[in-house]
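Below is the sequence, then the predicted model.
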Amino acid sequence: MSSRVLPSTLPALLSALALLAAPAWAQVGSTELTCAGGAYQTWDPGLRLSNRHVIASNYTSYDTCTSSDALVTSGVLVATTELSTSCAGNLGPTEATVTWDDGSVSTFTLQGSGVDVINGARVHVSVGLVTGGRFQGDAVTLTQAMTPVDLLSCLYPSGLTSLSGPSTLRLTRLR
């Protein structure tokens, strides 16, 4: 290719590359997946008013998922972690794994970002990132509304040992 042709073709080549790249950048920030289901959490030993070291487990079955990937329509989230927490907080970091209905897996790292009691439900929001597998690099927002909140059990030696309720999972594209 002569040196005269390269300068004249460079703008056309850059324009073509920009057109090809635009759709990928346009998708950043879009919701890639939304799921709804039911969660079941346990703590051993149970949560008390003051912090104590516990093993926290979460099993969530997402029966309904809407995804940018038509193969993903449901999934099961499993998380087990050891942390120091209480009935008032329960905000420790955790790692969760979701096995999707097509057999693929996503691994998340999550940090609890808030707990509030709303109309008798303990609403817990966790945020994080998909660190491995399907949807890697996406932001994660996990919301669980656990009921009933029996705060009296936090006063007993055995503590609050389990809660269940609805859960939503949202993955947002960051790449």
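Happy to help now that I have it. Small disclaimer: the values here were computed from a predicted structure and weren't measured.

State the distance from the most centrally placed residue in the chain to residue 87.
Computing the C-alpha centroid of the chain and ranking residues by CA atoms, centre = their mean puts residue 140 first, at 3.7 Å. Residue 140 sits 24 Å away from residue 87, going by CB to CB, to the nearest Å. Quick note: C-beta positions are derived from backbone N, CA and C, even for glycine.

swap in residue 48?
6 Å.

which neighbours do the two share?
Taking CB atoms under 8 Å, 6 or more residues apart in numbering as the contact definition, residue 48 and residue 87 share the neighbouring residues 154, 159, 160.

would you list every one of the strands in the protein?
For the chain, the strands defined by DSSP state E cover 31-47, 52-67, 75-85, 93-100, 105-118, 121-133, 139-146, 160-172.

and those strands as JSON lines, adding mean pLDDT?
JSON lines is the format used below for the strands of the chain (pLDDT from 0 to 100):
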{"stretch": "strand 31-47", "mean pLDDT": "95"}
{"stretch": "strand 52-67", "mean pLDDT": "95"}
{"stretch": "strand 75-85", "mean pLDDT": "93"}
{"stretch": "strand 93-100", "mean pLDDT": "92"}
{"stretch": "strand 105-118", "mean pLDDT": "80"}
{"stretch": "strand 121-133", "mean pLDDT": "88"}
{"stretch": "strand 139-146", "mean pLDDT": "91"}
{"stretch": "strand 160-172", "mean pLDDT": "93"}
